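Novice: Provided below are the primary sequence and the corresponding predicted coordinates.
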Amino acid sequence: EWFSDMMADQPPPLEATPILNEVTLLPHMVNGDSIQQVILVQVNPGETFTITTEDGHIQCIQGPAHVPMMSPNGSMPPIFVPPGYVSQVVEENGVRKVVVLPHSAEFHPSMHPPPPPPPPHVPHYMHHHHALLPHPPHPVYPPVPGTGELPPQFIHQHPPPHVFQEQEPRTHGRTNFIQRDERSLKMQEHLKKRLKDRQASGHTNNKLNSPPSSPHKVVNSSNATMQNGNGKGQQGAGGPLKQKQIGKTKGNPDAEMGGSRDLVSGFETPNVSDIQARSAVLSWNLPVSSQNGESHSHSPAAFTFEVAISNSGKNGKFKSVYVGEELTITLPDLRPATDYHARVSATSSSIKESISELVSFTTESCEPDCPAAPKLINRTKNSLSLQWKSSNDNGSKITNFLLEWDEGKNGPFKECYYGHLKQYKLTKLSPSTKYSLRLAAKNDIGMSGFSETVTYYTAGIVPPAPSPPVLIEAGVTWLSVKWSPPNGVSSDDSLTYSLDMEEEGSGYGFQPQYNGDELSCTLRNLRRSTSYKFRLFAYNSEGKSSPSEVVEHSTNPDKPGAPSKPVVKGKIHSHSVKVAWGGLPFLNAVFERSKWDTIYSGSQREHVCDHLKPGTSYRMRVYCVSKGGESQASDVTTVTTSAVPPGPCLAPCLAGRAKPKEITLQWGPPSVDGGSDITEYIVEMAASEQEERRQVYQGPASEHVVNNLLPGRTYCFWIRAANKVGFGPPSDKAEISTAPGPPDQCCKPLITCKSATCAVVSWESPACNGAEISEYRLEWGQAEGSMHIIYMGSCQSYEVKGLTPATTYYCRVQAVNVAGVGLFGEAGVVTTPAAVPAPVAVLHLLEEDQMETSLPLSTCLAIQWEEPCCHGAEITGYNIEYGEKQLVTVGKNTSHVLENLLPDTLYRIRIQAVNSLGVGPFSHSIKAKTKPLPPDPPHLECVVFSYQSLKLKWGEGPSRALITNPTQFNLQMEDRFGRFVTVYNGPCHTYKVQRLSESTTYYFKIQAYNDAGEGEFSEVYAFTTTKSPPASLKAPKANQLEENTYEITWEPLQPMKGDSIVYILQLAAGREFDQVYKGPETSFRLTSLQTNCEYRIRVCAGRQSQDSAGSQELYGPYSPSTVFSSQKQELVPPSADLTTELAETKKTLREERFIAIVLLCGFAVVAILFAVVIQYFVIK
């Protein structure tokens, strides 16, 4: 007998509520006894099912989950449910489920008694739930014996339930439970051992207190303290706590009672501020210890503070949430609208523990928690009925619910209901359509977040009959068919198909073969060559469609068996053989013992194989063919045809080149050997086809040399091959000619001289030796051993040109035909007559350094040449032609000087040799140019006079040197010893002589020269430097004597070479300077100056000299300006030194400002230039 109890409290917080799938039963959960049956108990989301294990412990299972329970006799166990709920048994796919449903949509948690406490091992199945989503008490089921420890896959991961300690668990008995087998008992003992190990490793002080009286304001402390079976808390995200917060409940009873230990220090009550819905700031002061009647304060680092809070009253269970040294913390993870009590304890190494008084505070209310997703309680083709539960209101009553849907368009959500009811019916919907919905709750503070989106479908219609299945491919023992969805069904509809098959003649009717959502199926293990009938059904959630039309498909027949081995009937001929076999249709034979070829296909059982090769082995096999395919081939029969004499060979051919007296023949085997190897060959020869043939060779070789032939003759040859049967027919005739022989030796050639440089050679034709002479080769040379071929051709004479007069030559002739080259004949000798001399080969101009004596190169040219060949007559002289065909005759010399020529003139010169026979040809021309006359000296003048330099200029031309300027200049100056020394030498037309003395006369002369030579020096020129001006003076000084009177002083200069010095003083009140003094004095007094006016003064020195032109004055540069201001004197007049010092100070300041401005401008310019350079070279 089984017992169960169930209790529902407030609705669960907003969490995912998935649609529960079918829970498969684990193998180890089923007892081996065959009469036991598994029943699933469905635990809804937000509820808890409790069972009692065999050892008396209570196990809690949170929904959503399916709890498998074994019934010993198959009867339904009684399930104890809380008021307002009923249990209902549902059977799906052969598995029975117990589902607990409420009577109505309204549910009041306050009517139910508190649930029993959890066992010590409950935290093993509990997962941490964040304190920001508090979890109310959940319904609890009492235990069921025999289930043992549930596997984790049946435990849905939901927050842990509220379990309270005061309730005692019910006792349960075990009756009529059949004894398990040995394997189940061992597994149960193993699970018990694992459970005890987990209990021993976890904390034992996680028991919770009884629930508070106000359910909507209670904070579930277990939510913040349990995580995977231990008692460690979790620090709130975003809190300011620097030390670790702990959630371990203190086990010291003195600390829980708050004051049983004697305190030696005073600790004020903590202060609570910034109270929010889920957090608050707690702060406290340092305790003050008393020793010998005196109070002592301590530093914060000397204390360790522990903060404990309780949401179950002052005497309830306190939970430690912080341990550290800070004096202010933020309490996170609090529940909205909940009363809390907090206290702080301080400990240190020097004093005993001090505990503060309790401080109470209530968190603020906020918007509700997210509700659970709405549940479907009924559906039709056009409507969906939904129901939902309230979520935690967080201190403010929920006033309305907001239900949104996507209108079945899978688009944005829109409002479909807003009100206080907890159920709603959607109407006017489309059949078989998916709708997505979500729910939110609202109170006076605000709207909660939306629940998880759920999807429901409206009811549909039964699908229409599908098309019959179509055959994809058929095999011997299998059929592959496919089908398509019924017409008018959308692609979103989920259809399954059932395929029925009936075997022909079986008598069993249609049997189901496939059930699934695929559109194809392969049926195996069928009979060969058998017809099968098929029909197809379509299913959806509404039911089954009508069957499709019945179609019939057949499997393929199987291939036949192998026939018998083929045998030979009758005599085996050389080109044919008759073969017979048992079985059916095809005969295969292989030719050339390689590839198998089909030679017969039919229903006969014998065949004459013709067109065979004689003496060849053939392998034959046969196989049968039917609709099922080809059979295996039979055994192979080998047949060898009889041999015949070989066929004709190809005509023999010439191997290599034919020789005049022998021919080398070669041949190959016949294309048809008659089925036997070739053993020998016979070669026959005749002078013509009509003459009698004679055998010249018999043997196995394929090559033979025929000797004793005549050159240039044509012969006929035949060849025959033989095998073991006999000789075959002769080959075709081959006509081959012997090669001709080379010609005979030529006779001595005949040589006739036409002139001193030309001779005609002729010769006779020798015997050709069977081949026409194709060419003659003539060798010519001045010695018998060093002749070379000068002619190759078919003519029998040749004219040799370009000979040297009075020279002996040798020649010989050779004849050539196709057979080869004949021998050279006897050499002929001839001597050419004498002639005029040869042209001069080498003619050149002598340079100046090659001449023995110096010549005026402006009017003379010296030439030199080499003596040419005299051509048999001695050279008597030379003719030299130059200029306008002017001819000069000289003797046997090889050099000559042409005189009386024009300077700077180009001449063309050539020469010819003369002997007793005449004048030889002219040599090649050379060009020679006489040098120009030396240049005249230019005119010298001084263009710039200075007291220490003179700039001289001469001639007409550029001031700078030109590379192409042929004229150079030599400028000389007289030194102090009266000698002229060169101060410049080059092509320039100007030169500046520096480092001179003032008022001094210097003497110069100049000379021009070029390639023709150096010209004459010019006359001596005298130039005098000017006097130097005085040096610049320092800035004058201004000393104030009276109110409008200043004395101006400046430094004096020494007289310059006896010349006196005068000074000019200038004064400026504005921009223009006016001269106020000129004279030899070094001071001047300024009067009648305006008061409070700024003045500038400057001074320069002048040099007075007397010369022939009269008195002259030469002034130097002005000194820097001195600035001063005329001021009104005080009663006590300042000294002159003070006035001068002030003026100098002002001047110094102005100069410093000017220098600073100049430096600033300079730096700006440099920076701009650097920026431009970087922009141009680096960036670009």
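Specialist: Right, received. Where do you want to start? Numbering: from 1, shown residues only.

Novice: Skipping adjacent residues, who's closest to Ala783 in space?
Specialist: What sits nearest to Ala783 in space, not counting adjacent residues and going by CB to CB, 6 or more residues apart in numbering, is Tyr810, at 6.8 Å. For glycine as for every other residue, the C-beta is placed from the backbone atoms N, C-alpha and C.

Novice: quick one: contacts for that neighbour?
Specialist: By CB atoms under 8 Å, 6 or more residues apart in numbering, the residues touching Tyr810 are 780-784, 787, 827-829.

Novice: One more pass at 10 Å, please.
Specialist: When contacts are counted by CB atoms under 10 Å, 6 or more residues apart in numbering, Tyr810 is found next to 751, 779-787, 827-830.

Novice: what does Leu901 give?
Specialist: 856-861, 882-883, 907, 928-930.

Novice: repeat that with 7 Å
Specialist: 859-861, 907, 930 (CB atoms under 7 Å, 6 or more residues apart in numbering).

Novice: Tell me the one among the residues you listed nearest to Pro469.
Specialist: Top of the list for closeness to Pro469, among these and by CB to CB, is Tyr907 at 120.8 Å.

Novice: buried stuff in the helix or strand that Tyr1009 is a member of?
Specialist: Here Tyr1009 sits within strand 1001-1010, counting by DSSP states H and E. If you call a residue buried by 16 or more other CB atoms under 10 Å, then strand 1001-1010 has these buried ones: 1002, 1004-1010.

Novice: Compute the distance between the nearest residue to Thr1000 once chain neighbours are set aside and Pro932, please.
Specialist: Of all residues not flanking Thr1000 in the chain, Thr1025 sits nearest, at 5.3 Å (CB to CB, 6+ apart). Distance, Thr1025 to Pro932, by CB to CB, to the nearest Å: 38 Å.

Novice: Also Ser1119?
Specialist: Ser1119 sits 60 Å away from Pro932, going by CB to CB.

Novice: Could you check which of these two has the larger neighbour count?
Specialist: More crowded of Ser1119 and Pro932, by other CB atoms under 10 Å: Ser1119, with 20 against 17.

Novice: what kind of secondary structure is the residue nearest to the more buried one when sequence neighbours are not counted in?
Specialist: Spatial nearest neighbour of Ser1119, chain neighbours left out: Leu1033 (4.1 Å); criterion: CB to CB, 6+ apart. State at Leu1033, reduced to three classes by DSSP: H, G, I helix; E, B strand; the rest coil: coil.

Novice: I'd like to know how many residues surround Leu1033.
Specialist: Per other CB under 10 Å, the neighbour tally for Leu1033 reads 21.

Novice: ok, so what distance separates it from Ser946?
Specialist: Per CB to CB, Leu1033 is found 22 Å from Ser946.

Novice: do the same with Ala337
Specialist: The value you get for Ala337 to Ser946, if CB to CB is used, is 112 Å.

Novice: Sketch out the low-pLDDT regions of the stretch 251-400 of the chain for me.
Specialist: For the stretch 251-400 of the chain, the stretches with pLDDT under 70 are 251-266, 289-301, 351.

Novice: on that earlier part again, please check the contacts of Leu901 and keep the buried ones.
Specialist: Buried members of those, scored by 16+ other CB under 10 Å, are 859, 861, 907, 930.

Novice: for the last one, what are its contacts?
Specialist: By CB under 7 Å, 6+ apart, the residues touching Thr930 are 857-859, 861, 901-905.

Novice: In helices only, show me those residues.
Specialist: Per DSSP state H, helices hold no members of those.

Novice: Run me through the strand neighbours of the longest strand seen in the chain, direction for each.
Specialist: For the chain, the strand with the greatest residue count under DSSP state E is strand 1093-1107. Sheet pairing for strand 1093-1107, assigned by DSSP bridges, gives strand 1060-1068 (antiparallel), strand 1110-1115 (antiparallel), strand 1122-1126 (antiparallel).

Novice: And the next helix or strand past the longest one?
Specialist: So that's strand 1060-1068. strand 1074-1079.

Novice: Where does Phe1154 sit: helix, strand or coil?
Specialist: Recorded secondary structure, Phe1154: helix (three-state DSSP).

Novice: what number of residues lie near it?
Specialist: The number of residues packed near Phe1154 is 10, by other CB under 10 Å.

Novice: Just the local confidence number for it, please.
Specialist: Looking at Phe1154, its pLDDT is 89.

Novice: Kindly report the same for Thr458.
Specialist: On pLDDT, Thr458 comes in at 85.

Novice: Dihedrals phi and psi, it?
Specialist: In terms of degrees, to the nearest 10, the main-chain angles of Thr458 are phi -80, psi 160.

Novice: what's the longest strand of the chain in contact with?
Specialist: With CB under 7 Å, 6+ apart, strand 1093-1107 has contacts from 1027, 1029-1030, 1033, 1036, 1038, 1048, 1050, 1053, 1056, 1059-1069, 1073, 1089, 1111-1119, 1121-1126.

Novice: In TSV: the buried residues of strand 1001-1010, plus pLDDT and distance to Ser385.
Specialist: Shown next, in TSV, are the buried residues of strand 1001-1010 (pLDDT from 0 to 100; distance: CB to CB, whole Å):
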residue	pLDDT	distance to Ser385
Tyr1002	93	134
Phe1004	95	134
Lys1005	94	138
Ile1006	94	133
Gln1007	93	135
Ala1008	90	132
Tyr1009	86	132
Asn1010	81	130
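
Novice: Generate a markdown table for those residues, with distance to Ser396 as supplementary columns.
Specialist: Shown next, in a markdown table, are the buried residues of strand 1001-1010 (distance: CB to CB, whole Å):
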| residue | distance to Ser396 |
| --- | --- |
| Tyr1002 | 122 |
| Phe1004 | 123 |
| Lys1005 | 128 |
| Ile1006 | 124 |
| Gln1007 | 127 |
| Ala1008 | 124 |
| Tyr1009 | 125 |
| Asn1010 | 124 |
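
Novice: Need the max-distance pair from those residues.
Specialist: Distance extremes for these: the farthest pair is Tyr1002 and Asn1010 at 27.3 Å, using CB to CB.
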